[in-house]
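> sequence? don't have it. structure:
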């Protein structure tokens, strides 16, 4: 298990399902796509619509493309997903 990233702080959060532990399974609030008080992720940083996240449950780090307000080209979004935060 990885330690928490030094950039992780509770004041910067995102509500995205963790691809590693799937801890939101069975949560009624998350199933309704509302902001759950238990299943949030640390928002480490972002570049436009690309979020760099860490799960507080399993400490997995990953990137998530929101597609919202994307200012990068489609090629940049594809190639950025291969880079680590």
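Structure received. Bear in mind that the values here come from a model prediction, so they are computed numbers and not experimental data.

> report the contact partners of residue 15.
Contact partners of residue 15, counting by CB atoms under 8 Å, 6 or more residues apart in numbering, are 30, 35, 36, 39, 40, 41. For every residue, glycine as well, the C-beta is placed using N, CA and C.

> among those, which are located in strands?
Mapping the contacts of residue 15 onto strands (DSSP state E) picks out residue 41.

> of the contacts of residue 15 - the most surrounded one?
residue 41 (23 neighbours; other CB atoms under 10 Å).

> how close does that one sit to residue 22?
Applying CB to CB, to the nearest Å, the value for residue 41 to residue 22 is 13 Å.

> just residue 42 next, same as before
According to CB to CB, residue 42 stands 17 Å off from residue 22.

> so those two - more neighbours on which side?
Neighbour tally, residue 42 and residue 22, criterion other CB under 10 Å: the higher count belongs to residue 42, 21 against 11.

> nearest residue to the more buried one in space, please, no chain neighbours.
The spatial neighbour of residue 42 that comes closest, neighbours along the chain excluded (CB to CB, 6 or more residues apart in numbering), is residue 8 at 4.0 Å.

> my read is that that neighbour contacts residue 54, right?
Yes - if you go by CB atoms under 8 Å, residue 8 and residue 54 touch, sitting 5.6 Å apart.

> just give the nearest non-adjacent residue to residue 60, would you?
Spatially, and ignoring its direct neighbours in sequence, residue 60 is nearest to residue 20 (3.7 Å; CB to CB, 6+ apart).

> which residues sit in contact with the residue nearest to residue 42?
The neighbours of residue 8, taking CB under 8 Å, 6+ apart as the test, are 42, 44, 54, 56.

> hmm, back to that, count the neighbours of the residue nearest to residue 60 for me.
Residues within reach of residue 20, counting by other CB under 10 Å, total 13.

> okay but it is in contact with residue 55, surely?
Yes - with contacts counted by CB under 8 Å, residue 20 reaches residue 55, the gap being 6.5 Å.

> any idea what the residue nearest to the spatial centre of the chain is bridged to?
The centroid of the chain falls nearest to residue 53 when counting by CA atoms, centre = their mean (3.6 Å). Beta-bridge partners recorded for residue 53 (DSSP bridges): residue 43, residue 62.
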